[in-house]
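[1] make a model of this:
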Amino acid sequence: MKMKALAALVCGMLLLGATAGRAAGTDGGKRVLDLNDCIRNALAVAPELGESQADIDLAASKLVEAKAHRYPRIDFLGLIGPVPQARGNQVSSPDSITQADRLTWFTRGDATLVQPLYTFGKISESMKAASHGIEVDRAKKEQRRNEVTLQVKEYYYGLLLARELKEVVLEVQEDLDKAKKKAREYLDKGSPNVDDLDIYKLDAFSGEVAKYLEEARKGEELALAALRSRIGLPPDAPFDIATERLTPDETVTAPLPTYLDASRTQRPEYRQVKEGLLARQALVEAAKAAYWPDFFIGGYLSAAYAEKRDRVSNPWVPDEFNHFWGGIALGLKWKLDFGITGAKVAAEQAQYVRLLSTRTYAETNIPLQIRKAYLELQEAEKSITATRDAYTNAKKWVVAALANFDFGIGPAKEIFDGLENYAKMRGDYFRSIYNQKMSRANLDYAIGASPLEH
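    Now for the predicted structure:
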């Protein structure tokens, strides 16, 4: 007799294998962690969060750079080299500017200072863009935190589901062993209710159950390995979860509008778009500011000395190799181009418009994601009640069939049918609980709730 129900029961385990802080306690040297412990450990070692932090640090460096443009900039050039000697004064000299047989060494230093006064927004808008860029990257990091949390919950609840399904298979196997033992006793006594065909069916059924049991154990091991890897433990580290049974969540589900409203303030993607638009708007304004000049205070200081060159004091005859002069002035710098600035403004404006489309997409799809998770949660909660009643009645069927067979008044077929329905309903019950927990986890992710369980 085929075990279609058991095949469906174990199917979830095979899927688990594919997807598959502080210690809550120890058990003989084994780390035992609850769900919150696993989430904390995963967040502490998640490489994607390290990448996100690097992005935040990079954005922060851009803000420091933008702020630094407000301060003076000093350029210094130092020179040392040979130069012809020069004797006399500005009227006459026995030396020639082109002579090469009478050389001396000169040293010279030139320093320029530029202090911006007003740039029509080039600096201030760049600072705004950098500040909002930091907030964008912080929201991205929070989004990744939520993704890691959701994955940990998937592995954690998946491990519990795998173990519950394994127990169902073990329970079916135990009942089959009892039925096989009793069937052989009746066959040996020559009972008319049992023949060799019944023994063959029970043996075939048992072989199929044994196969599913091994698959169930493999699913449990893969789910545990996936969780161990996600929380940063070595593959051979002794580890187990603190939760022993997969039980329904008794948390009261709020009305759908409550979750939709919460997502507006909690969902990091909304904050990404909001801060991103402000950053892009500032970049547009910074690009437009390039149409206008920069006003600044400029300072200049130059000093040079050559030992064998007489100093000339005539201001009309400056000596580049033996002097000391400087000055300060108000300055204006205006860069005029033919279309380059306009193209840059258009490019920044296009990025801004593109992000507006992203906002529209988010405002449309995030509520849809919330609604989907909400409806799946309601479906799972109703399914838990239905399958609980179904597997309870199926269990009564199995008990009655085994009792009748034990007394020699019932056929073996009733045992097959009863166990098949019980395995199916019991497995569906635990899958409904898993779906309930994952639907709630997806709902928390969709609204941007806190990563840790309350």
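[2] was I right about residue 433 contacting residue 383?
    No: with contacts defined as Cβ atoms under 8 Å, residue 433 does not count as touching residue 383, sitting 9.1 Å away. For glycine as for every other residue, the C-beta is placed from the backbone atoms N, C-alpha and C.
[3] confirm residue 232 sits in a strand?
    No: assessed by DSSP: H, G, I helix; E, B strand; the rest coil, residue 232 does not belong to a strand; its assignment is coil.
[4] quick check: it vs residue 148, distance?
    When Cβ to Cβ, to the nearest Å is the yardstick, residue 232 and residue 148 sit 11 Å from each other.
[5] please enumerate the shared neighbours of the two.
    Residues touching both residue 232 and residue 148 (Cβ atoms under 8 Å, 6 or more residues apart in numbering) are residue 42.
[6] the two: which has the busier surroundings?
    Comparing residue 232 with residue 148 by neighbour count (other Cβ atoms under 10 Å), the higher total belongs to residue 148, at 21 against 15.
[7] now the more buried one, nearest residue through space, not along the chain?
    With sequence-adjacent residues excluded and distances taken as Cβ to Cβ, 6 or more residues apart in numbering, residue 148 is closest to residue 46, at 4.8 Å.
[8] list the residues that contact that neighbour.
    Taking Cβ under 8 Å, 6+ apart as the definition of contact, the neighbours of residue 46 are 144-145, 148.
[9] and those residues as TSV, adding pLDDT?
    Listed next are the contacts of residue 46 as TSV, based on pLDDT from 0 to 100:
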residue	pLDDT
144	95
145	95
148	95
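[10] closest one to residue 67 out of the residues you listed, please.
    residue 144 (27.8 Å; Cβ to Cβ).
[11] returning to what we had before: make a markdown table from the contacts of residue 46 and add distance to residue 218 and secondary structure to it.
    Shown next, in a markdown table, are the contacts of residue 46 (distance: Cβ to Cβ, whole Å; DSSP: H, G, I helix; E, B strand; the rest coil):
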| residue | distance to residue 218 | secondary structure |
| --- | --- | --- |
| 144 | 31 | helix |
| 145 | 31 | helix |
| 148 | 26 | helix |
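[12] next, format these as TSV and append distance to residue 212.
    Shown next, in TSV, are those (distance: Cβ to Cβ, whole Å):
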residue	distance to residue 212
144	37
145	38
148	32
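[13] could you check how far the residue nearest to residue 148 is from residue 33?
    In this structure, residue 46 and residue 33 are separated by 16 Å, where distance is defined by Cβ to Cβ.
[14] residue 433 and residue 383 - which one has more neighbours?
    Neighbours around residue 433 and residue 383, counted as other Cβ under 10 Å, are more numerous at residue 433. The numbers are 25 against 18.
[15] now the more buried one: how far from residue 246?
    On the measure of Cβ to Cβ, residue 433 and residue 246 end up 5 Å apart.
[16] give me the common contacts of the two.
    By Cβ under 8 Å, 6+ apart, residue 433 and residue 246 have these common neighbours: residue 161.
[17] now what about stretch 333-343, what contacts it?
    Looking at stretch 333-343 with Cβ under 8 Å, 6+ apart, the contacting residues turn out to be 287, 290-294, 296.
[18] list buried residues within these.
    Among these, those buried by neighbour count (16 or more other Cβ atoms under 10 Å) are 287, 290, 294, 296.
[19] please name the nearest non-neighbouring residue to the second one.
    Translated: residue 290. Spatial nearest neighbour of residue 290, chain neighbours left out: residue 341 (4.6 Å); criterion: Cβ to Cβ, 6+ apart.
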